[in-house]
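>>> quick one: sequence plus predicted model below, questions after.
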Amino acid sequence: MISSTSSVSSSVSKATSTADQYTPIPHFPACLGGEWKNIIKTPYLKTTMKFRAGTSLPPHHFPTMSRITVLSGSMQIDDLQTSQAYILSQSEDCVIPALLVHEIQFLENVEFEFELNSKDMIIYWDFEER
């Protein structure tokens with residue numbers, strides 16, 4: 001089960017170095033779009049991601065817990081194990097347990113902070129039928 005709260009997110013650094021430029025997300029098929037920046041790898045992965053409205057991420061899961069905090073826009077996270085959907089808007093966040101298969105739909109252009117309880121981006125795409 002996904003847990004969600006409303007909270008004000010800490011501001012993201014707006015430095016202008018090339019490390020702060022958005023780049024395609026590795027391990028994501030190019031057809032899904034998506035960009036990220038501000039990667040922190042120690043003690044865990046923390047980044048800012050953005051996607052365009054109408055984009056959907058197919059079923060996937062992570063081997064460790066993850067957290068999403070919406071900075072702007074809105075998104076829907078579908079928990080495929082309980083058939084529940086959660087809509088997150090600006091300043092709302094949620095924790096996604098390890099191994100939970102879920103889908104994400106971006107309802108508006110969205111920018112969010114993503115934290116993964118791992119030093120590396122490890123994602124498993126669950127393309128088989130359920």
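Perfect, thanks for sending it.
>>> residue contacts, residue 89?
70, 73, 74 (C-beta atoms under 8 Å, 6 or more residues apart in numbering). Heads up, the C-betas are built off the backbone N, CA and C, glycines and all.
>>> next, give phi and psi for it.
The phi and psi torsions at residue 89 (degrees, to the nearest 10) take the values phi -120, psi -180.
>>> where are the low-confidence patches of the chain?
Applying pLDDT under 70 to the chain flags residues 1-19, 128-130.
>>> let's see it at 80
Across the chain, the ranges flagged by pLDDT under 80 are 1-20, 127-130.
>>> check which helix or strand covers residue 39.
Using DSSP states H and E, residue 39 sits within strand 35-40.
>>> compute the inter-axis angle for the helix or strand following that strand and strand 35-40.
Using DSSP H and E, the helix or strand that follows strand 35-40 towards the C-terminus is strand 45-51. Strand 45-51 and strand 35-40 are oriented at 160 degrees to each other (axes from the mean of the first three to the mean of the last three C-alpha atoms, to 10 degrees).
>>> in its sheet, what does whatever helix or strand comes next after strand 45-51 sit against?
Proceeding N to C from strand 45-51, the next assigned helix or strand is strand 56-61, under DSSP H and E. The strands that strand 56-61 pairs with in its sheet are strand 102-106 (antiparallel), strand 124-125 (antiparallel) (by DSSP bridges).
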